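[1] 3D model of this:
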Amino acid sequence: MEEVLVIGRRLDLTGEAISASEGEVGPEEIGAWPMLRTGDLMEFVPGMVATQHSGSGKANQYFLRGFNLDHGTDFATTVDGMPVNLRSHGHGQGYTDLNFVIPETIARLRYRKGPYYADVGDFSSAGSAEFEMANRLARGVAEGSVGEFGWRRGVIADSTELDSVSLLYAAEWQTYAGPWSDVDEDVNKRNLLLRVSGELGEGRGSVTAMSYDNDWNSPDQIPSRAVAQGVIDAFGSLDPDLGGDTARRSLSASWDSPLAGGDFSSSAYVIDYKFALWSNFTYRLDDPLRGDQFQQFDDRQIFGFDLAQQWSQERASWEVGLQGRRDDIDRVGLYQAERRSRLSTVREDRVLEDSIGVFAAHNYALTETLRSYIGLRHDFYTFDVDASLPVNSGTESDGATSLKASLAWQPLPVAEFYASFGQGLHSNDARGTVINVDPVTGESVKAVDPLVQSSGAELGARIFVTDKLHSTLALWKLDLDSELLFVGDAGNTEASRPSERSGVELGVYWFAAENLNTELELSYTDAAFAGRDAAGSETPGAIPLVASAAINYRGERGWFASMHLRHFGPYPLIESGEVESDGSSLVNLRVGHDFSDWRLQLDVLNLLDSGDHDVDYFYASRLPGEPADGIEDIHYHIFEPRALRASVRYRF
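    I've put the predicted structure just below:
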């Protein structure tokens, strides 16, 4: 008989989890929510906000636990064991682009917030997310979608059995013009997936090939004064020649098998990646004649592996693991540009970055109701930079040891309480670890620490009253040795002061009936820089309040509906706290009907036609006729207006 595994919010993790801040989401939940972009998948992590300040072909901007994660720093993301975060990336440290994922092929999302887990290393201070791809699908899917503002999408996914081997294939194509006054996004996204899995020796193995290509134009953030003065409207652009293109190819393999009296798991991967992005955040501040457009470029190969061995006894279990990764970056560069043509080279580097991580974790049942978890991890990094400016070339290395520990107490079958502690880290851009001279000004600069450590603690509870109602509660604190902050005129991040964060998170999930469920997730964070500084103590981009609510309905006669609300409150834009964003609220709706083999579906995105902002920044920029030093202003990217998208799906 085939085993059926229930994965999702219904899953009772009492007796297994080591904190209240971990959970799983299954394919039915992922398929139920209306999403504007693929990166919205990250919003299944409670408290996570996924926004966009540029074209939809670019990685999303993420916020969680008082972090402006930029495009992924301090939150580790993997897809089938392959890291998504890109180190020493041309656009930003930890750049996390999920556009290569086809949502219909996801079997499970596992999220774990906080640095409490020994098997996760770089970028994991705020937490981690692991996307697992399916080995096979219950039924094949062919779907076509059309929508306002030039939205078109087609996807096909299916699996078949060949003797003892499962073959899964999927393809996705998507284009989009967008609602912008001066820019046609002209998105052209193509995804391919082929996966072979089956019995191998005494275990099970898989080989997966993925291909992703995308090119687009970017409606970037704009200054508030340009709209107020009538230079452009809220959907306008000041530089219509912005955009980018990305290509990603990957080949990965995994094998799980009984070994040495326990369970052995292994995976390896190779990724070929190319990226080019043209941006202009300050317009004519640095170059009044040709403008401040610049290009960021990245061309690399990534190689890595992950090995783990587990042993289980009656009251205890052990896990030991070894993880390795090499980023062989043939060229990562920054160039001044005009109309997507390079004018000059700011810097161009060849980078070789290696890391090795080893960990051990031990679970032990102290009593029938009390469990312990203790883990130890050590990471070691080497950085080798060959810079176009020789004085900025060099090598560096660094290591860090992290301790993880948790207690889980289950006094009742339906309730479990947790106390967790953990140390984490994020690596800094390799170029910053050996830099000596600013390539623009020629001034001497101080190199950054290669590895930045963090420490966090959490008290939590998980209440699983019945199959219909459960909730989670977490009180947490996190200290970071060096904050990464967005720099508007450079278009990337720089290392800043130490920071302190604390917060509370609540999740309530009610399965009112077989065909109706609701959820409410609330998080509040207090974030500040440590110590005193004349600039102030507020952490720019740290969102204090995030709220998410959803209701999902599936009727007996095939009708279904889902509505999702996401709100985040005002947050500081500068250290003094004197300038804040206004906060934002967004509602998306999906309704449809399932027939035996067909589905008709309508998504209404931004249902209330909100004019709130996806993201806000505050920095100086210069428009024609303005002072040479520019004007400090709020720069924002507005929500896309209400849009309808209709889909027809055939299941075979």
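[2] got a list of what Leu425 touches?
    Contacts for Leu425 (Cβ atoms under 8 Å, 6 or more residues apart in numbering) come out as Gly121, Asp122, Ser124, Ser125, Asp379, Ala400, Ser402, Leu451, Val452, Gln453, Ser454. Every residue, glycine included, has its C-beta placed from N, CA and C.
[3] gap between it and Ser455?
    Distance, Leu425 to Ser455, using Cβ to Cβ, to the nearest Å: 10 Å.
[4] quick one: end-to-end distance for stretch 73-82.
    16 Å (Cα to Cα, to the nearest Å).
[5] okay, now Tyr11: neighbour count?
    Actually, residue 11 is Leu rather than Tyr. Residues near Leu11, counting by other Cβ atoms under 10 Å, number 16.
[6] where does it land in three-state SS?
    With DSSP: H, G, I helix; E, B strand; the rest coil as the basis, Leu11 sits in coil.
[7] residues in contact with it?
    With Cβ under 8 Å, 6+ apart, Leu11 has these contacts: Gly23, Glu24.
[8] look up how far Phe464 lies from it.
    Look at Leu11 and Phe464: by Cβ to Cβ, they are 10 Å apart.
[9] could I get the buried residue list for stretch 633-649?
    By neighbour count with 16 or more other Cβ atoms under 10 Å, stretch 633-649 contains the buried residues Asp633, Ile634, His635, Tyr636, His637, Ile638, Phe639, Glu640, Ala643, Arg645, Ser647, Arg649.
[10] now the third one: which helix or strand?
    With elements taken from DSSP states H and E, the one containing His635 is strand 631-638.
[11] next helix or strand past that strand?
    strand 643-651.
[12] so what touches that next one?
    By Cβ under 8 Å, 6+ apart, strand 643-651 touches 139-149, 151, 153, 179, 592, 597-606.
[13] in the sheet, who's paired with the nearest residue to Gly147 once chain neighbours are set aside?
    Leaving aside its chain neighbours, Gly147 sits nearest to Arg645 (3.2 Å; criterion: Cβ to Cβ, 6 or more residues apart in numbering). Taking DSSP bridges as the rule, Arg645 bridges to Gly147, Asp603.
[14] roughly how far does Arg645 sit from Ala234?
    Per Cβ to Cβ, Arg645 is found 22 Å from Ala234.
[15] ok, now Ala512?
    Distance, Ala512 to Ala234, using Cβ to Cβ: 40 Å.
[16] more crowded one of these two?
    The neighbour count for Ala512 versus Ala234, taken as other Cβ under 10 Å, is higher for Ala234 (17 against 12).
[17] give me every residue that touches that one.
    Contacts of Ala234 (Cβ under 8 Å, 6+ apart): Ile222, Val227, Gly611, Ile638.
[18] wait, doesn't the third one sit right on Glu640?
    Right, the one you point to is Gly611. No - judged on Cβ atoms under 8 Å, Gly611 makes no contact with Glu640 at a distance of 10.4 Å.
[19] what subset of the contacts of strand 643-651 is buried?
    Here the buried ones among these, as counted with 16+ other Cβ under 10 Å, turn out to be 141, 143, 145, 147, 149, 151, 153, 179, 592, 599, 601-606.
[20] wait, is Met42 part of a strand?
    No - under three-state DSSP, Met42 falls outside any strand and is assigned helix.
[21] report the contact partners of it.
    Met48, Ala50, Asn60, Tyr62, Thr77, Leu98, Ala129.
[22] same thing but 7 Å
    With contact set as Cβ atoms under 7 Å, 6 or more residues apart in numbering, Met42 has these partners: Met48, Ala50, Asn60, Tyr62, Ala129.
[23] tell me which of those residues is nearest to Leu200?
    Ala129 (27.6 Å; Cβ to Cβ).
[24] off-centre distance for the helix or strand that closest one falls within?
    Element membership for Ala129, per DSSP H and E: strand 127-133. Averaging C-alpha positions (Cα atoms, centre = their mean, to the nearest Å) puts strand 127-133 10 Å from its chain's average.
[25] what's that strand in contact with?
    Residues outside strand 127-133 that contact it (Cβ under 7 Å, 6+ apart) are 42, 45, 64, 75-80, 101, 105-114, 120, 195, 208.
[26] so, low pLDDT: which residues of the chain?
    Along the chain, the model assigns pLDDT under 70 to residues 1-10, 485-493.
[27] grab the nearest non-local neighbour of Pro624.
    Arg284 is the one closest to Pro624 (Cβ to Cβ, 6+ apart), at 6.5 Å.
[28] so that neighbour versus Asp438, what's the distance?
    For Arg284 relative to Asp438 (Cβ to Cβ), the value is 21 Å.
[29] burial count for the nearest residue to Phe618 once chain neighbours are set aside?
    In space, and not counting its chain neighbours, Phe618 is closest to Leu573: 3.8 Å by Cβ to Cβ, 6+ apart. Here the count is done by other Cβ under 10 Å, and Leu573 has 20 residues near it.
[30] and the strands in the stretch 151-300 of the chain, which stretches?
    151-162, 165-176, 187-200, 203-217, 222-223, 243-259, 262-279, 294-312 (DSSP state E, counting those that start in this stretch).
[31] many thanks, I have nothing further to ask.
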